[in-house]
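A.B. asks: next one to model:
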Amino acid sequence: MISLLAVYYLSYALLGAIPFLLSGYSSSTQVIVALAVLTAAYALLKIQEVFWYPWASEIIPEGQRGSFFGRLMITVTIVMMPFSYIAGRFLDRSHDTFGFMIVFGAAAVVGPLTGLAYMRIPDTRCSSDSQSQFHLKGLLDALNDTDFRKFLFFAISNAFATGICGPFTTVFMIETLHLPYTWIALFGILQSLFFIVFVVAWGYIVDKYGSRPILLLCSAPCIFLYSMWIFNAPGSFYLVPVVHALTGICSAGVGVALQNQLMGVSTGKRSVSCLSLYQTLTGIVGFIAPLLGGAIVSFYQDFHLNLLGYDMGKYQALFAAAGVISILPMLFIMRLKEPRGKPALYILRSMMVNPLKLAMHLFAFHRSFGEKERLNATVGLGSTGSPMVIGELINTLDDPIYFVRREAALALGRIGDRDAVMPLLAKLSDENANIQHEAAWALGSIRDGQSINPLLDCLRSPDPKLRGFSATALGEIGASVAIEPLLERLDLSSDTFETSCVANALSRLGYKKALWKTLEKLVSSDLPIVRRQLSVSLGDLLGEQGKFYRLLNREERVYGLEVKRLLSRMGRTINRRWKPKLGEATAGNAIEGFKRIEELYGEKKYPEALDEIVSVSNLLLGQEMHHYNPLQETVRRFLHELKDRNKQLGNRVYWEECLVSIYALSLLFEATQV
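C.D. replies: Here you go, the predicted model:
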């Protein structure tokens, strides 16, 4: 492998010396010799890669290859940037073939040093597995592998789309746009900078979510990138830096994911056969594609078209063809299956966050070792809201510090990724009860069906708080199988927190029969926080989810304002629409009843207000001009039971009960068709 690399780099010297060694020959002969040298060098490089990939797959563990290739590409790019700029400046000053010979000669001198670096890396033991040896039958076996075949078609079509116009972009900038080499080098550096910024991120994502979605996400923009070259002209090439920047981002993803995917589909069984096919076919396509691109340029030599004010020529025709051809890789990569990979749309949604904030918090997390630092880093990861930090948060669930584990569980619940379900289920039996509570809450936020049975088991826990959090989670998930166990807990519970959680869960499940038991619990409680929570559950059971909570929340901020609006609206409706059917007297009594309710509520005379509410409901339902419906009967029964149960306990009516009774009256009013 080292000797092949050395010969490959030495070929640069020969390439640069051709104009001098063959100075007596025609230009066409020199071009043919240069192509022959390039072909031989390209073949050597492809043969070397057949040995390099199995060797790299042996020394780089799976799951770390994306990050490794990201760091490797960054190192190469950083080293390359200053030398490409220096080469561009040198060529601008030399203006002759001697300058190119110097540049190629320098590459030939420095390139073989790569071999010295490889010699310092320990070699791996050769495998004795006969299935990894090369033989012709192995080529057919490799092609019969569905996953490898789809990947191979993607790689071939991608190499074709890239190769058909890739070499001609530089020619286009020199020949058509008349850009100096220095500018071209600066654009290359811009591309390299974006490459450096994104290659680590792509490597991290590849290790985390797989190669296929990254190949898909980074191949799709190429359709438009090739087309963007069309809309550039001398003196108007503002899209060139944009194309270079986007190319840096996309090429970083494809570069990392392609190598990782190749190792995944070619290592182990039939590895040599797979790699030989890959290198041979992509090498042939990579060689033919530029030749075809040159043929297209020659064919459209006299092509001219004005499109949107831009003069379209031979190179624009080539770029348009490349844009169409770049659709091919998409068709193949979409059909490739990756067992542990995530969908591309999932990753795209995961990336819809502040990338700088995400990178900063990930960096801080991986550099935090003290207790306080770990806690702050975990809080920071949760604040990103990105599923990309799920792996780190899952690992943090086992942190020795309780507060760190707690923040990790809460963050997993807020992010809501299903990959966290199994680790959170394991934490339902954590030695710390508070972690159990947070894990149950997080499972409810994620809403995955796998959590239902373990959460039902938690309803039998001796810890009332765990029973309460589990009940809330079951309500969030919408587990109808939990209705009977929840009713049992509502009947047996003596813990105020558990009672309110169970009532809330039943209301979220829409189980109307829980209304009466919840009413009983409300009337018997003297605790404001419990009454508040139970009244919200009753409001949800009576009407639309969340509607009563909005009323309660507004009343807490400005007492009496929302109730006044509610009662006034009902009074105006009776006065404008119902009076002809109800009669003057009945309509007047109903309107006066609304006014008395408003006055009594404003004076905080809640028992008297409840009596008036029941009287108005009886007045409205006592008329024969409308049709009855189940909601009317339910609300009327609710109001009467609320009044009767309070009388049994000494006629003590609290604000929450009065407010929910006014809300119930408004529901009855809306349901009444006069």
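A.B. asks: walk me through the domains of the protein.
C.D. replies: 2-119+134-348, 355-557, 561-671 (automatic domain parsing).
A.B. asks: lowest-confidence stretch among the ones you listed?
C.D. replies: Among the domains of the chain, domain 2-119+134-348 has the lowest mean pLDDT, at a mean of 73.
A.B. asks: look through the chain and report the residue furthest from the middle.
C.D. replies: Taking CA atoms, centre = their mean, the residue of the chain most remote from its mean C-alpha position is Ala585, at 63.7 Å.
A.B. asks: that one sits in which helix or strand?
C.D. replies: Assigned by DSSP states H and E, Ala585 belongs to helix 584-602.
A.B. asks: what's that helix packed up against?
C.D. replies: Judged by 3 or more CB pairs under 8 Å, 6 or more residues apart in numbering; DSSP states H and E, helix 584-602 is in contact with helix 561-573, helix 606-621, helix 655-671. C-beta here means a position set from N, CA and C on the backbone, and glycine is covered the same way.
A.B. asks: recalculate using a threshold of 6 Å.
C.D. replies: When contacts are defined as 3 or more CB pairs under 6 Å, 6 or more residues apart in numbering; DSSP states H and E, helix 584-602 sits against helix 561-573, helix 606-621.
A.B. asks: can you redo those helices as TSV with mean neighbour count?
C.D. replies: Shown next, in TSV, are those (neighbours: other CB atoms under 10 Å):
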stretch	mean neighbour count
helix 561-573	17
helix 606-621	20
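A.B. asks: could you dump the ones you listed into JSON lines and include distance to Phe195?
C.D. replies: Formatted as JSON lines, those follow (distance: least, CB to CB, whole Å):
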{"stretch": "helix 561-573", "distance to Phe195": "58"}
{"stretch": "helix 606-621", "distance to Phe195": "70"}
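A.B. asks: now for those, which one comes closest to Phe497?
C.D. replies: When the helices and strands packed on helix 584-602 are compared by CB to CB, helix 606-621 sits nearest Phe497, at 25.1 Å.
A.B. asks: what does that closest one contact?
C.D. replies: Helix 606-621 is contacted from outside by 590, 593, 596-597, 600-601, 636, 639, 643, 651, 653, 658, 661, 665, 668, 672, using CB atoms under 6 Å, 6 or more residues apart in numbering.
A.B. asks: max pairwise distance over the residues you listed: which two?
C.D. replies: Using CB to CB, the two most remote members of these are Asn651 and Thr672, lying 28.0 Å apart.
A.B. asks: what about those two, which has more around it?
C.D. replies: Thr672 (20 against 13; other CB atoms under 10 Å).
A.B. asks: check the gap between that one and Glu612 for me.
C.D. replies: As judged by CB to CB, to the nearest Å, Thr672 and Glu612 stand 18 Å apart.
A.B. asks: now do Asp491
C.D. replies: 32 Å.
A.B. asks: that older thread, in the helix holding Ala585, which residues are buried?
C.D. replies: Judged by neighbour count (16 or more other CB atoms under 10 Å), helix 584-602 contains these buried residues: 586-587, 590-591, 593-594, 596-598, 600-601.
A.B. asks: now tabulate those in CSV and tack on distance to Leu552.
C.D. replies: Formatted as CSV, the buried residues of helix 584-602 follow (distance: CB to CB, whole Å):
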residue, distance to Leu552
Thr586, 31
Ala587, 30
Ala590, 25
Ile591, 25
Gly593, 23
Phe594, 20
Arg596, 22
Ile597, 17
Glu598, 17
Leu600, 18
Tyr601, 13
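A.B. asks: cool, thanks, talk later.
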